[in-house]
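1. Pasting the sequence and the predicted coordinates here, then a few questions.
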Amino acid sequence: MSRIRSAILASLAADALSLGAHWEYDQGRIVRQLGRVTDLLPPTLNDYHNGKGAGAQSHYGDQTLLLLRSVAAKGAFDLADFAGRWRGLMEGGYTGYMDKASREALANFAAGRAPEQTGAATNDFAGAARMAPLLAVLSSDEEGLVNAARAQTLMTHGSPVIADGAEFMARAAAALLHGADMRGAFDHAATARYAALPAEDWLAFADMSLSEDTPAAIARFGQSCGMQGAFLGVVHTALKHEADPETGLIDNVMAGGDSCARGLAIGMLFGARHGLGWMPERWLAPLVARAEIEAALDTLGV
């Protein structure tokens, strides 16, 4: 159970670590302004996350916490409950960044669509990346985990390739929790049949990057929110830094761009691979939501 706890904690800690440089695409500016980001910092390089301080979550992390609350309350994944909580947050004066996917999903809810049909027309990876809390209730049921990962993604992100990406990450996490190494987990996930995700091709492309520094590789893949660049960045980082996850998560931040979405997924994978004990306390102690996270994990018995 420690691997499940670690996967969820590491996902949220990686999001908070990335917040200080999130959506800054100039890697040189990150170095000049922040140095090497090894601690949780407030977001000072742009205006996307005004009002948030060190240890806060991005808007992606806030939605991951919402999924954790739902899972802890229900003891299972319940799409209707998650959707109701999500709408309550987003319609209730949410002060975090409201991205395009959230705005479009809200409009689709307002038009009377069911949560299975509210996903925005976007291929941003973030919808898939917030899935770690599902491991607390579905780690022993891979197909159930896959179905839940796809459902929570499609509620806000309607692109088929994002749903496939959520399935891939769910299958990889499940394999890690059952003892696979990172390579074995990705190979396992790639054997599934995907309608829109060229998993084997993208894995091979990521493999060719492993001799590169992570920031350089992610800059070449694409630092932005889209599925292909994010998927390649996650796989590269997870494979290259499997033996040193702390460095991997720091390099993800230094790569710039949509580091929070990548961090949520990379943190989940590293946590599922290594269990508790590798995350520095300087990442956990300042987490604003740590007490809530720990209490939810205690409730879930993980």
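-> Right, received. Where do you want to start?

2. Okay, now the unreliable bits of the protein?
-> Counting by pLDDT under 70, the chain has low-confidence residues at 1.

3. where exactly do the helices run in the stretch 51-200 of the chain?
-> Using DSSP state H, counting those that start in this stretch, the helices of the stretch 51-200 of the chain run over 59-74, 79-91, 100-110, 126-129, 135-138, 142-154, 160-177, 182-190, 199-207.

4. So which of these is nearest His236?
-> Between His236 and those, the shortest gap by Cβ to Cβ is with helix 199-207, which sits at 4.9 Å. Placement of C-beta: from N, CA and C, glycine included.

5. other SSEs contacting the closest one?
-> When contacts are defined as 3 or more Cβ pairs under 8 Å, 6 or more residues apart in numbering; DSSP states H and E, helix 199-207 packs onto helix 182-190, helix 227-240.

6. Arg3 contacts Phe270, correct?
-> No. The criterion here is Cβ atoms under 8 Å, and Arg3 misses it with Phe270 at 10.4 Å.

7. of those two, who's got more company?
-> Applying other Cβ atoms under 10 Å to Arg3 and Phe270 shows that Phe270 carries more neighbours, namely 28 against 21.

8. Chain neighbours aside, what residue packs nearest to that one?
-> Excluding its sequence neighbours, the residue lying closest to Phe270 (Cβ to Cβ, 6 or more residues apart in numbering) is Pro245, at 3.8 Å.

9. same thing with Ala13?
-> Nearest one to Ala13, counting by Cβ to Cβ, 6+ apart, is Trp283 at 4.6 Å.

10. What are the contacting residues of the strand or helix carrying that neighbour?
-> Assigned by DSSP states H and E, Trp283 belongs to helix 281-284. Residues from elsewhere that reach helix 281-284 (Cβ atoms under 8 Å, 6 or more residues apart in numbering): 9, 13, 16-17, 38-40, 290.

11. Any idea how many residues pack against Gly267?
-> Gly267 is flanked by 32 other residues according to other Cβ under 10 Å.

12. quick one: it from Met169, how far?
-> Separation of Gly267 from Met169 (Cβ to Cβ, to the nearest Å): 12 Å.

13. Please report how far Asp213 lies from Ala13.
-> In terms of Cβ to Cβ, Asp213 sits 23 Å off from Ala13.

14. Would you mind telling me which of the two has the busier surroundings?
-> Neighbour totals were compared for Asp213 and Ala13, and Ala13 leads with 28 against 13 (other Cβ under 10 Å).

15. quick one, what contacts that one?
-> Listed by Cβ under 8 Å, 6+ apart, the contact set of Ala13 reads 267, 279, 283-284, 287.
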